[in-house]
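Undergrad: missing the sequence, but the structure's below:
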């Protein structure tokens, strides 16, 4: 009930606080997020090194975000599934596999886009 009494801006600020808390939890506790975050930083450094275009930056940053969001949602699904049914269950296993598949698909798409952006630049570097 008190949430309706809070102003619009105050509720948004609380939302930002919870969001930042969630990001901190992900980055400090989840190995998959840590790995994808480090890969994202590496690709950002590569973008600076190869002087990628503004459009390439937009695509690259969007894809980094897509992968991180997919990994975060996969983590959330796994945590909920483990909470609801801690023992192995075939249907829970399928749910977790589908969530992991979404994160994997995002990673595959990111690799393909990374190749489209960087292979021509690497070839130019050595020619």
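TA: Sure, I can see it. All figures in this text were calculated on a predicted structure; none of them were measured in a lab. Residues are numbered from 1 along each chain as shown.

Undergrad: got the confidence number for the residue nearest to the spatial centre of the chain?
TA: Residue closest to the mean C-alpha point of the chain, counted by CA atoms, centre = their mean, is residue 68 at 0.5 Å. Looking at residue 68, its pLDDT is 96.

Undergrad: what's the closest non-adjacent residue to it?
TA: residue 36 (5.7 Å; CB to CB, 6 or more residues apart in numbering). In this view, the C-beta of every residue, glycine as well, is placed from N, C-alpha and C.

Undergrad: cool, residue 52 as well?
TA: That would be residue 117: by CB to CB, 6+ apart, it lies 6.3 Å from residue 52.

Undergrad: tell me the SS of the one you found?
TA: helix (DSSP: H, G, I helix; E, B strand; the rest coil).

Undergrad: how much space between residue 34 and residue 76?
TA: Distance, residue 34 to residue 76, using CB to CB, to the nearest Å: 16 Å.

Undergrad: about what we covered before: thought the residue nearest to residue 68 was touching residue 67?
TA: Yes: contact criterion CB atoms under 8 Å: residue 36 and residue 67 qualify, at 5.3 Å.

Undergrad: what touches both of those two?
TA: residue 107 (CB atoms under 8 Å, 6 or more residues apart in numbering).

Undergrad: circling back to that earlier point, need the contact list for the residue nearest to residue 68.
TA: 67-68, 71, 107.

Undergrad: now it: which helix or strand?
TA: helix 31-49 (DSSP states H and E).

Undergrad: packing partners for the helix or strand just after that helix?
TA: Under the assignment DSSP H and E, the closest C-terminal helix or strand after helix 31-49 is helix 54-84. Under the contact definition 3 or more CB pairs under 8 Å, 6 or more residues apart in numbering; DSSP states H and E, helix 54-84 sits against helix 8-29, helix 31-49, helix 90-126.

Undergrad: name the residues of helix 54-84 that are buried.
TA: Residues 56, 59-60, 63-64, 66-68, 70-72, 74-75, 77-78, 81 are the ones in helix 54-84 that count as buried (16 or more other CB atoms under 10 Å).

Undergrad: before we move on, back to that, any chance of the helices and strands packed on helix 54-84 in JSON lines, with mean pLDDT too?
TA: Shown next, in JSON lines, are these (pLDDT from 0 to 100):
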{"stretch": "helix 8-29", "mean pLDDT": "93"}
{"stretch": "helix 31-49", "mean pLDDT": "96"}
{"stretch": "helix 90-126", "mean pLDDT": "96"}
